[in-house]
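> Here is a sequence together with a model predicted from it:
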Amino acid sequence: MSLNIITKTIELGDGRSITIETGKLAKQADGSVIIRMGDTMLLATACAKAKANDNVDFMPLTVDYQEKFAAAGRFPGGFFRREARLSDYEVLISRLIDRALRPLFPNDFHAETQIIVNLISLDKDVLPDALAALAASSALAVSDIPFNGPISEVRVGRINGTLKVNPSSEEMELSDLDIIVSASEHDINMVEGEMKEISEEDMIEALKFAHEHIKIQCKAQNELKAMLNKGRREYCHENNDEELRKAIWDFAYDKCYAIAGEGIANKKIRMEKFKAVCDAFVETLTPEEAEEKEFLIGRYYHDVEKKAMRDCVLNERKRLDGRALDEIRPIWCETNYLPSTHGSSVFTRGETQSLTTVTLGTKMDEQIIDGVVFEGKNRLLLHYNFPPYSTGEVKMMRGTGRREVGHGNLALRALKQVMPADFSYSVRIVSDILESNGSSSMATVCAGSLALMDAGVPVREHVSGIAMGLISDSKTGKYAVLSDILGDEDHLGDMDFKVCGTSKGITACQMDMKVDGLSYDILKEALAQAKKGRLHILNKLNETMPEPRPDFKPFVPRIVKLEIPNEFIGAVIGPGGKHIQELQRETNTVITIEEVGNIGIVEIAGSVKEMMDKAIDRIKKITTVAEIGQVYDGTVKKITAFGAFIEILPKKEGLLHVSEYDWKRTDDISKVLKEGDAVQVKLLEIDPKTGKMRLSRKALMPKPTAAPKE
């Protein structure tokens, strides 16, 4: 069978290259490609149904990125030894692809579409997440699915002050910047990343650098598409009633514009007023017309409401809740709200509220990461929960969703930049969103910062976050950059740009563009306005709690570190963990040991000082080297016919021979000693070959003088 294999190569300019291949694998998909960089290979497929379901007015797009363990020559963990539900890392990459692609499908294309990207070969030096969206876009490019692309994504790092696209894993260890940028040939449409308190100017420079490389990758996809000479499918997914559309516009636009200009801060009241306009229009129709055209009425009215709200902001320079464009909603904060938690806070901004807790744990509480790309342990966790009551809704709760994973990851990236490098504790931050109207992920950053300080974690300073919005009109050139956006402003706006940072600079960001045409001048203005808002929020956090507690709360476990020679690690642990388990039971502590170079790092965690001191003393004795000539308080462990075995240090025993018990003759040592007796002895000798120790009791007693001769 002949294959029509077509390959396109993208040169990165430093000897590295990316190849796109199609026509070889998964040919029954509408589009499929293999992306290869080094030995990392991704298989991406795109499929779309021929028809849309009835009464669908959105883009039903599903994106799944999954890593095959065989790609790294490994077995999956777990009982079943096969790939199961997506890991958080896979979910995050799926979201990166989805957010980059979704805005570029035609507004009237509503057929179910599925993008699947599989990692099928892994080069440890080539991170696959920066190639996943290129793979997905290329699969769409070689298909007949309508798509206003192509797009691509790249990772940008800054190593020793020099920007580099798609750096290696080792290079990223040295980078103070880690962002993934998505764009078309003309515009940036998605940014996600973390950074070590960089400036707004550095951020702009990194985005421009990324875009220049993305343009090259988009050009390659267009060339590949031209080589295939495949057109786009014809479709009709919307049936419209232009007379009804005009009637709704004429009836509702001015009314919606007036409501938008009232400056109603309460979301429910505002929603009820807008709903009343739609209900009033429905009253003008016969019951039969209203029922027959219910779907179209909802869609057309939504468009009118959105246009009226946008126009009001652009024309009146006033927002839905009456604020100025750069005004932040009222903020109140509280720490130590939950008395039994290690740290807690409430952060409320307008109608958005986060109740956040911090829990401190030991090495035993670390998260074990068993992924294809990343293996290891994680001592800083952040979990974000978004229950339906936070928006006054009733929904099934079916576990953690992709949105929750993504929002939690953004907040984690923002906060980890101020964590102390040598902190001995595992830290879990949990944000429960109790109210939501605006960015709850940014509320999580602020609440998390407060809760860390309340727990006594020695963070350098507070981190705050703010969500920026944009409303623009390409026809008139008008635009408005909005600070601290409402949920409605996110929905009707053109941009959702979340920026987190300290007083020194940006620590994390996330941007999604919903339209083409974001200029760097507008982006620069948005970053400057975000900085102003971020500093305002930082002031509120500092007013509430300016610095971490000087000490942990009384019930927080304390951790003490000891260093021991690595040859004693086995002695502390004991056969099958017997000794360390026994010590933990006796002292009610958690003890962990890690070998680092030539030493063992012992961490002892407990809540009762006396018990911790007992564990420390025992470990020090176990790791103490017995010295000839030293006196020890020993314990009788075993009685024999020729003497007694005395434990002088934990798990270290020597022989007290019957002749060394007393200067007087002792015929039977069992008559003077029994197991468990305390006895003080002196170490006389250590056999250099066997390590056996000879002890003496009589050496500590005055030698009797000989009786005078008569």
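Cool, the structure landed.
> residue ranges of the helices in the stretch 51-200 of the chain, please?
Taking DSSP state H, counting those that start in this stretch to define them, one finds helices in the stretch 51-200 of the chain at 88-101, 132-141, 169-172, 200-228.
> Which one, of those helices, ends up nearest to Ser182?
helix 88-101 (3.7 Å; Cβ to Cβ). Yep, even glycine has a C-beta here, placed from its N, CA and C like the rest.
> From the contact counts, what lies against the closest one?
strand 61-67, strand 113-121, helix 132-141, strand 175-183, strand 188-198, helix 402-416 (3 or more Cβ pairs under 8 Å, 6 or more residues apart in numbering; DSSP states H and E).
> Packed most tightly, which of the helices of the stretch 51-200 of the chain would that be?
Of the helices of the stretch 51-200 of the chain, the one with the most neighbours on average (mean count of other Cβ atoms under 10 Å) is helix 132-141, at a mean of 30.
> Name the residues that touch that helix?
18, 20, 22, 29, 31-33, 35, 42-46, 63, 65, 93, 96-97, 100-101, 115, 117, 147, 149-153, 182, 217, 221-222, 224-225 (Cβ atoms under 8 Å, 6 or more residues apart in numbering).
> tell me how far that helix is from the chain's mean position?
Here helix 132-141 is found 25 Å from its chain centre; the criterion is Cα atoms, centre = their mean, to the nearest Å.
> count of neighbours near Ile612?
To be clear, residue 612 is Met; Ile isn't right here. By the measure other Cβ atoms under 10 Å, the count of residues near Met612 is 21.
> go on, Met41?
Counted with other Cβ under 10 Å, Met41 comes out at 22.
> swap in Leu61?
17.
> give me every residue that touches it.
Counting by Cβ under 8 Å, 6+ apart, Leu61 has contacts 98, 101-102, 105, 113-115.
> That one pairs with what?
Thr113 (DSSP bridges).
> One more: the one 4 residues further on?
When bridges are assigned using DSSP bridges, the partners listed for Tyr65 are Val117.
> quick one: Ala447 and Val346 touch, right?
Yes. At 7.0 Å, Ala447 and Val346 qualify as touching, with contact defined as Cβ atoms under 8 Å.
> out of the two, which sits in the more crowded spot?
Ala447 (32 against 20).
> Over to the more buried one. Which of the three states is it?
Of the three states, Ala447 takes helix according to DSSP: H, G, I helix; E, B strand; the rest coil.
> how far away is it from Ala508?
15 Å (Cβ to Cβ, to the nearest Å).
> And for Phe274?
34 Å.
> The two - which one has more neighbours?
Ala508 (27 against 21).
> unless I'm mixing things up, that one is touching Lys196, no?
No. Using Cβ under 8 Å, Ala508 is not in contact with Lys196; the gap is 10.4 Å.
> any common contacting residues for those two?
Gln417.
> got a pLDDT number for the residue most central in space within the chain?
Nearest residue to the geometric centre of the chain (Cα atoms, centre = their mean): Asn409, 2.9 Å. pLDDT for Asn409: 97.
> Which positions in stretch 389-409 come out as buried?
390-391, 404-409 (16 or more other Cβ atoms under 10 Å).
> Need the max-distance pair from the residues you listed.
Within the buried residues of stretch 389-409, two members stand farthest from each other by Cβ to Cβ: Thr391 and Asn409, at 21.3 Å.
> which residues does the nearest residue to Leu12 once chain neighbours are set aside contact?
Leaving out its chain neighbours, the residue that sits closest to Leu12 by Cβ to Cβ, 6 or more residues apart in numbering is Val165, at 6.4 Å. For Val165, the contact set (Cβ under 8 Å, 6+ apart) comprises 12, 154-156, 209-210, 213.
> ok, back up a step: quick one, which of the helices of the stretch 51-200 of the chain is nearest to Cys312?
helix 88-101 (27.8 Å).
> how about the nearest residue to the residue nearest to the centre of the chain, chain neighbours excluded?
With Cβ to Cβ, 6+ apart, the residue lying closest to Asn409 is Leu92, at 5.8 Å.
> Distance check, that neighbour against Ala132.
Leu92 is 10 Å from Ala132, by Cβ to Cβ.
> What of Phe79?
29 Å.
> again, but for Thr356
Thr356 is 31 Å from Ala132, by Cβ to Cβ.
> For the nearest residue to Met364 once chain neighbours are set aside, which residues are in contact?
Once flanking residues are discounted, Met364 sits nearest to Val590: 5.7 Å by Cβ to Cβ, 6+ apart. Applying Cβ under 8 Å, 6+ apart to Val590 gives the contacts 362, 364, 557, 584, 604-606.
> low pLDDT regions in the stretch 1-150 of the chain?
1-2 (pLDDT under 70).
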